[in-house]
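In: sequence and predicted structure, then a few things I'm wondering about:
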Amino acid sequence: MQFTPEHDALRRTTKQFVETQINPFVDEWEEAGIFPAHELFKKMGDLGLLGICKPVENGGMGLDYSYNMVVVEELGRINCGGVPMAIGVQTDMATPALARFGSPELRAKYLTPAIAGEMVASIAVSEPHAGSDVAAIKTTAVKDGDDYIINGTKMWITNSTQADFFCLLANTSDDKPHVNKSMIIVPSNAVGISFSKKLNKMGMRSSDTAQIFFDNVRVPQSNRVGAEGMGFMMQMMQFQEERLYGAANAIGGMEACIEKTIDYCRERTTFGQPLIDNQVIHFRFAELRTEVECLRALVYQACEQHINGQDVTLLASMAKLKAGRLMREVTDSCLQYWGGMGFMWENPIARAYRDGRLISIGGGADEIMLGIICKLTNTLPSKKKK
């Protein structure tokens, strides 16, 4: 991966933004269980950070994914997982299909203000019984004149209580599960939408998450993204950018965990010497740094292939799998060296330990990634003969 001065400038801009506009307020937002999405996203929109890969005609920069990736890495250095996850929903989960397949009118109404940070976007796919198994969703959108009537419920929806619109996946026919789904933009103020209380999560505390109920919600068919019945395919495409985002974001987060723990181990003394002087500890840091660099190489390779128009399903799935498992390993190892301080709720590594656990669940669980990898590398077990 070759970085240009433009890449470096974007990285510096993001780093400064994180240090001045986000990290000073993270503890407050974590305590409140929510962050001011409209206020923060507007600031990011003013800097162009919400539309790096999006069409120029909608206010984006029109750059390739490598520029987005360096920004995502720096967002990983936010002192919590909830805020960068919410940003990723805005940029890499709820808007890629809209940008690629949405009509000009639909993009002008929803994508342009999302890129400007004037609207908060949310992706509404998962349901109480259908998380990684997207084909099993039950929410329906039935035609009525020029409209769809939507009924169903969505679960674990990030940005839900602050969203201005949802990129919703629903069944629009009784056809087979992979060809009966459509993607529809649903404004959050539509009549018939209601929300549960904010969900009480183990981590990602500053990210507002709720269950959404759709009761005869009427939206025009013109709000459909692309062709009817192509929603499953579009969501699978969105998943690739979501998984690349998660892996790249984890790199920055893990680097920050390791650096903070090294600093602590230099200051903390036991039995007359700094913790870092124990060979088992500084060797462990060397191992963790090596693992992070291996993940970075995998993510960069996937990014290059994505830029070149290749199918990155395999590499993105591998990167997502590795990121989730490595995040657990890094945070667990680092927390151990903080001793009793690491077990305190407000400790930064304890927060990363809680927040990072979601990487192996959201956007497709580890087991789903393994299944994809097996399928694409021909390592599935042989069928038993009857």
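Out: Okay, I see it. Just so we're clear, the structure is a prediction, and the values are computed from it rather than from any experiment. Numbering: from 1, shown residues only.

In: doesn't Y245 make contact with A86?
Out: No: contact criterion Cβ atoms under 8 Å: A86 and Y245 do not qualify, at 11.8 Å. In short, each C-beta sits where N, CA and C put it, glycine included.

In: part of a strand, is G152?
Out: Yes: residue state for G152 (DSSP: H, G, I helix; E, B strand; the rest coil) corresponds to a strand.

In: what ranges do the strands span in the chain?
Out: With DSSP state E as the criterion, the chain has strands at 121-124, 140-144, 147-158, 165-171, 181-187, 193-195, 209-220, 224-225, 269-270, 273-274.

In: Q16 - how many residues pack around it?
Out: 12 (other Cβ atoms under 10 Å).

In: that one and A352, how far apart?
Out: 22 Å (Cβ to Cβ, to the nearest Å).

In: before we move on, what about A94?
Out: Taking Cβ to Cβ, one finds A94 at 25 Å from A352.

In: neighbour-wise, which of the two wins?
Out: Neighbour tally, A94 and A352, criterion other Cβ under 10 Å: the higher count belongs to A94, 28 against 24.

In: tell me if I'm right that the more buried one and C167 touch.
Out: Yes: counting by Cβ under 8 Å, C167 is a contact partner of A94 at 4.4 Å.

In: shared neighbours, the two?
Out: Common neighbours of A94 and C167, using Cβ atoms under 8 Å, 6 or more residues apart in numbering, are A121, S122, I123.

In: buried among the residues you listed? Make that a PyMOL selection.
Out: If you want just the buried ones from these in PyMOL, going by 16 or more other Cβ atoms under 10 Å, the selection is:
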select buried, resi 121+122+123
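
In: D366: which of the shared contacts of A94 and C167 is nearest?
Out: Set against D366, the nearest of these by Cβ to Cβ is I123 (20.2 Å).

In: T112: neighbour count?
Out: Neighbours around T112, by other Cβ under 10 Å: 18.

In: could you measure from it over to L106?
Out: 10 Å.

In: try D164
Out: In terms of Cβ to Cβ, D164 sits 14 Å off from L106.

In: T153 now?
Out: 24 Å.

In: just I137 next, same as before
Out: From I137 to L106 the distance is 22 Å (Cβ to Cβ).

In: check contacts around V89.
Out: A121, S122, I123, T158, N159.

In: for A170, that is, sorry about that
Out: I137, T139, T140, A141, Y148, I150, G152, K181, S182, I184, G231.

In: tell me the two of these that are most distant?
Out: Pairwise over the contacts of A170, using Cβ to Cβ, the maximum falls at I137 and Y148, 15.0 Å.

In: excluding its backbone neighbours, what's nearest N68?
Out: Of all residues not flanking N68 in the chain, I52 sits nearest, at 4.5 Å (Cβ to Cβ, 6 or more residues apart in numbering).

In: number of nearby residues for the one you found?
Out: I52: 22 neighbours (other Cβ under 10 Å).

In: go on, the one 5 residues further on?
Out: Neighbours of E57 under the rule other Cβ under 10 Å: 12.

In: that one and Q16, how far apart?
Out: From E57 to Q16 the distance is 28 Å (Cβ to Cβ).

In: ok so, going back, just send the shared contacts of A94 and C167 back as CSV, with pLDDT and distance to Y264 too.
Out: Output for the shared contacts of A94 and C167, formatted as CSV (pLDDT from 0 to 100; distance: Cβ to Cβ, whole Å):
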residue, pLDDT, distance to Y264
A121, 98, 38
S122, 98, 37
I123, 97, 37
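
In: quick one: the helices in this structure?
Out: Taking DSSP state H, the helices of the chain run over residues 5-17, 26-32, 37-46, 65-75, 82-88, 96-101, 104-106, 112-116, 231-267, 279-307, 313-337, 348-356, 366-376.

In: state the mean pLDDT of the first one.
Out: Throughout helix 5-17, pLDDT has a mean value of 97.

In: got a list of contacts for it?
Out: Residues contacting helix 5-17 (Cβ under 8 Å, 6+ apart): 43-44, 47, 49, 52, 63, 66-67, 70-71, 73-75, 77.

In: can you tell me which of those residues is closest to K375?
Out: S66 (27.6 Å).

In: residues contacting that closest one?
Out: S66 touches M1, F3, H7, C303, E304, I307, counting by Cβ under 8 Å, 6+ apart.

In: the third one - how many residues pack around it?
Out: This points to H7. Neighbours of H7 using other Cβ under 10 Å come to 17.

In: could you check how far it is from G246?
Out: Counting by Cβ to Cβ - H7 and G246 are separated by 20 Å.

In: same check, this time on the fifth one
Out: Here the distance between E304 and G246 works out to 18 Å (Cβ to Cβ).

In: quick one: which of the two has more around it?
Out: Between E304 and G246, G246 has the larger neighbour count (other Cβ under 10 Å), namely 29 against 17.

In: now do the more buried one against E287, distance only.
Out: Taking Cβ to Cβ, one finds G246 at 22 Å from E287.

In: one more: L295?
Out: The separation that L295 has from E287, given Cβ to Cβ, amounts to 13 Å.

In: looking at those two, which is more packed in?
Out: Neighbour comparison, L295 and E287: the larger count goes to L295, with 22 against 11 (by other Cβ under 10 Å).

In: residue contacts, the more buried one?
Out: Contacts of L295 (Cβ under 8 Å, 6+ apart): A247, A250, I251, A319, K322, A323, L326.

In: which of those residues has the most neighbours?
Out: A247 (33 neighbours).

In: what sits against it?
Out: By Cβ under 8 Å, 6+ apart, the neighbours of A247 are L295, L298, V299, A302, A316, A319, K320, K322, A323.
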